[in-house]
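K.L.:
Sequence and predicted model, in that order:
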Amino acid sequence: MLGVIPVGLFLTQHLVVNHFATGGEESFNNAAHFMEQLPFRYFLEVFIIFLPLLFHAIYGLYIAFTAKNNIGQYGYFRNWMFMLQRVSGVVTLIFVAWHVWETRIAAAFGAAVNFQMMETILSNPFMLWFYLIGIISTTFHFANGLWSFFVSWGITVTPRSQVISTYITIGVFVALSIVGVRAILAFV
Ligand code: HEM
C-alpha cells in the first residue's frame, strides 16, 4: 500500500520529469527548477517521499526475508515473479540509497542540481550501467508490486482477472522502463 500509492506516484512523476532531459539541457533544468520551487517542498519530500520510502524499505526487507513461498497456489510464472520481486527490491534499495546520496543529499550540502550534475555522474560507464540496471529494477519492482497490490486489496480475485492484470502490469513495466531509460540516455 505505502509502496504503491506514494512511492509509485513519486516514481512515475520523477521519471516523467527526468524525461524532459530528452528535450535538451534547458528543458531538463526548467523542469528540475519547477520541482524545486514547489510550495511545501520539504513537507512533500518528507511525507510523500522519504517517510513512505523508508517505511517501505524497512518493512519490505522484513517481509522479503520472512515470507513463505506458496508453491502450488500460483503457477510457475508467479513463483518466479515472487522471487524476482525480492531480488529487485534489494537491487532497487541499493540503487536508490546511492542515487539519493549523490543527488539530493549532495544538493543539501550545496551541490547544484542540474543537467550537468547527471551528465557528470553518467559519464562514468560503470555508473551508466548502475543507473540502467537501477531504473529497470525499480520499474519492475513497481509494476510487479502493483500486481500483488491488486490481489491483496481484493481487486483481482479470479484467476482470469489476475491474468489480465499480468498483461496490464507488464505494460506499466515496459512503458515506465522506456521513459526511464530514454531519460538516462539523454544525459550521455
Ligand atoms: C532517469 C533516471 C533518473 C534521474 C536522471 C534522476 C535524477 C534525480 C535528481 C537530479 C535528483 C535530485 C532532485 C533535487 O534535489 O531537486 C533526484 C532525487 C531523487 N531520486 Fe532520482 N533520478 C532518476 C531515477 C530515479 C529512480 C528510478 C528512483 C527510484 C525510486 C529515484 C529516486 C529518487 C529519490 C527518492 C530522490 C530524492 C527525492 C527528492 O527529495 O527530491 N530516482 N533524482
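P.N.:
Now that the structure is in, tell me what you want to look at.

K.L.:
what's the average pLDDT for stretch 147-163?
P.N.:
Mean pLDDT, computed over stretch 147-163, is 94.

K.L.:
Likewise for stretch 172-179?
P.N.:
Averaged across stretch 172-179, the pLDDT comes to 98.

K.L.:
which of the residues in it are buried?
P.N.:
Val172, Phe173, Leu176, Ser177, Val179 (16 or more other CB atoms under 10 Å). Just so you know, the C-beta spots here come from the backbone N, C-alpha and C atoms, and that holds for glycine as well.

K.L.:
how about the helix or strand hosting the first one: buried residues?
P.N.:
Element membership of Val172 [criterion: DSSP states H and E] is helix 159-186. The neighbour-count check on helix 159-186 (16+ other CB under 10 Å) flags 162, 165-166, 169, 172-173, 176-177, 179-181, 183-184, 186 as buried.

K.L.:
quick check, distance from that helix to the centre of its chain.
P.N.:
Distance, stretch centre to chain centre, for helix 159-186: 12 Å (CA atoms, centre = their mean, to the nearest Å).

K.L.:
Out of the buried residues of stretch 172-179, which comes closest to the ligand?
P.N.:
The nearest member of those to the ligand, counting by CB to the nearest ligand atom, is Val179 at 8.0 Å.

K.L.:
re earlier: can the buried residues of helix 159-186 go into TSV with extra columns for distance to Pro39?
P.N.:
Formatted as TSV, the buried residues of helix 159-186 follow (distance: CB to CB, whole Å):
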residue	distance to Pro39
Gln162	41
Ser165	36
Thr166	40
Thr169	34
Val172	30
Phe173	33
Leu176	27
Ser177	32
Val179	26
Gly180	27
Val181	32
Ala183	25
Ile184	29
Ala186	28
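
K.L.:
hang on, the earlier thing: so which of the buried residues of stretch 172-179 are also by the ligand?
P.N.:
Residues of the buried residues of stretch 172-179 in contact with the ligand (CB under 6 Å from any ligand atom): none.
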